[in-house]
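Student: Take this sequence and fold it.
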Amino acid sequence: MARGLLYALAGAAIGAVAARAAYTAFTRSAPRADEKEPGRWTRTNHRGEPITLLEGPAFVAGSGVAAALAPGLPPRVRLAALLAGVGSGALGAYDDLYGTTKSKGFKGHLTALGRGEVTSGAVKILGIGATGLGAAALVSRGPVDTLVNGATIAGTANLANLFDLRPGRAIKVGLLTGGPLLAASLFRDAPLTAALAAVPLGAAAALLPDDLGERAMLGDAGANALGALLGLAAVTKLGRRGRFVLLGTVAALTAASEKVSFTKVIAGNPVLNRLDMLGRRPVDAV
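Tutor: Here you go, the predicted model:
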C-alpha cells in the first residue's frame, strides 16, 4: 500500500501542477472570452455567457505529462495511457473546433455516416475507438480482452463527454467514479492502477475551480481524455466479469442518453442535484 500511495501522490501532483501550468499558459496567450472577437476556443455556456474551452487542452497536456513522468508505470502501460489520453483528447479537440450541431449524439453521427456524410463527430467516434483498441492492446491478454477493454476505454471516453453540460459536472463524475477505484487500488495493493487513476484525477481536480466558476469547461477534448484514462485504469484493475459489467453499464447509459436528458434526471433527484450544484453559482444567478 505504501508504494501505491507514493505512486498515486506523485502522479496526482504531477498532473495537477502540469494541468495548471498548461491552463495558465494557454489562457494567457489566448484572447479573453468576453472580447468582441474572442477566438476559436470560446463558446457560449448554458447561461448564454462566453466561456473558454482551453481547460480541455490543459487537461490533456497535464495528464499527458503526468502519464509520461509519473513513477510506477511500466513502459507499455505508460504508452497506453498516452495513447488513450492524448489520442482521445486530440480527437475531441478536433470536434470542439470543427464540429457542428447538424448531427447530434452517437446515433446521429453514425446515421449520417451511413448516408455517406462524414461528420466531425463520426471522425471522433471512429478515432477514439481506434485509440481505445490501441491502448487496450498494450495492457490486454488475447483478442477478447483487447476488444472488451478497447470498447470500455472508448465507451468511457464518450460517456464522460455526455456529462460535460453543466459547470464541474464531468469532473465531479470523474472524481466520484475514479476516487473509489483509486482507493480500492491502494487497499488491495495494486500500485499500477493507483498510479493510472491518480494521473487524471490530479489534473481534473486542479482545473475544477475554473470549471465551477464558469470561466472554462473541459469540452470534448478534456472530457474524452478524462473518461478514456479512467476507463484504462479500470480495465487494469477489474477481472473479466467486472469488465463486462462495466462495459454493459457504459453501453446502457450511452443508449439511455439518446432518449433521456441526464440534466433533467439530475435536476429531478434531490441528492444528485445537490451534488451537481455543489460549488456552483445558483441557477438563477446572473
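Student: who touches residue 262 in this structure?
Tutor: With contacts taken as Cβ atoms under 8 Å, 6 or more residues apart in numbering, residue 262 has the following neighbours: 162, 163, 165. (Glycine included, C-beta is placed from N, CA and C.)
Student: Please repeat the previous calculation with a cut-off of 7 Å.
Tutor: Going by Cβ atoms under 7 Å, 6 or more residues apart in numbering, residue 262 touches 162, 163.
Student: From residue 248, how far out is it?
Tutor: Here the criterion is Cβ to Cβ, to the nearest Å. By it, residue 262 lies 18 Å from residue 248.
Student: go on, residue 211?
Tutor: Taking Cβ to Cβ, one finds residue 211 at 29 Å from residue 248.
Student: Check which residues of the one helix or strand residue 181 maps to are buried.
Tutor: Residue 181 belongs to helix 169-187 when assigned by DSSP states H and E. Using 16 or more other Cβ atoms under 10 Å as the burial criterion, the residues of helix 169-187 that qualify are 169-175, 177-178, 181-182, 185-186.
Student: Serialize those to TSV and add fields for distance to residue 270 and pLDDT.
Tutor: Output for the buried residues of helix 169-187, formatted as TSV (distance: Cβ to Cβ, whole Å; pLDDT from 0 to 100):
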residue	distance to residue 270	pLDDT
169	16	95
170	21	96
171	21	97
172	16	97
173	18	96
174	22	96
175	20	96
177	21	95
178	24	95
181	26	94
182	27	95
185	31	92
186	32	90
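Student: Grab the two from the residues you listed that are most spread out in space.
Tutor: 169 and 186 (26.0 Å; Cβ to Cβ).
Student: Report the distance from stretch 164-172 to the chain centre.
Tutor: Taking Cα atoms, centre = their mean, to the nearest Å, one finds the center of stretch 164-172 at 10 Å from the center of the full chain.
Student: quick one, which of residue 211 and residue 248 is more surrounded?
Tutor: With neighbours defined as other Cβ atoms under 10 Å, residue 211 and residue 248 compare such that residue 211 has more, 26 against 12.
Student: Can you give me the distance of the closest residue to the more buried one other than its chain neighbours to residue 270?
Tutor: Spatially, and ignoring its direct neighbours in sequence, residue 211 is nearest to residue 168 (4.7 Å; Cβ to Cβ, 6 or more residues apart in numbering). Using Cβ to Cβ, residue 168 is found at 18 Å from residue 270.
Student: do residue 87 as well
Tutor: Distance from residue 87 to residue 270, by Cβ to Cβ: 39 Å.
Student: try residue 167
Tutor: 19 Å.
Student: Ok, residue 243 next?
Tutor: Separation of residue 243 from residue 270 (Cβ to Cβ) stands at 33 Å.
Student: Name the residue in the two with the higher neighbour count.
Tutor: residue 243 (21 against 8).
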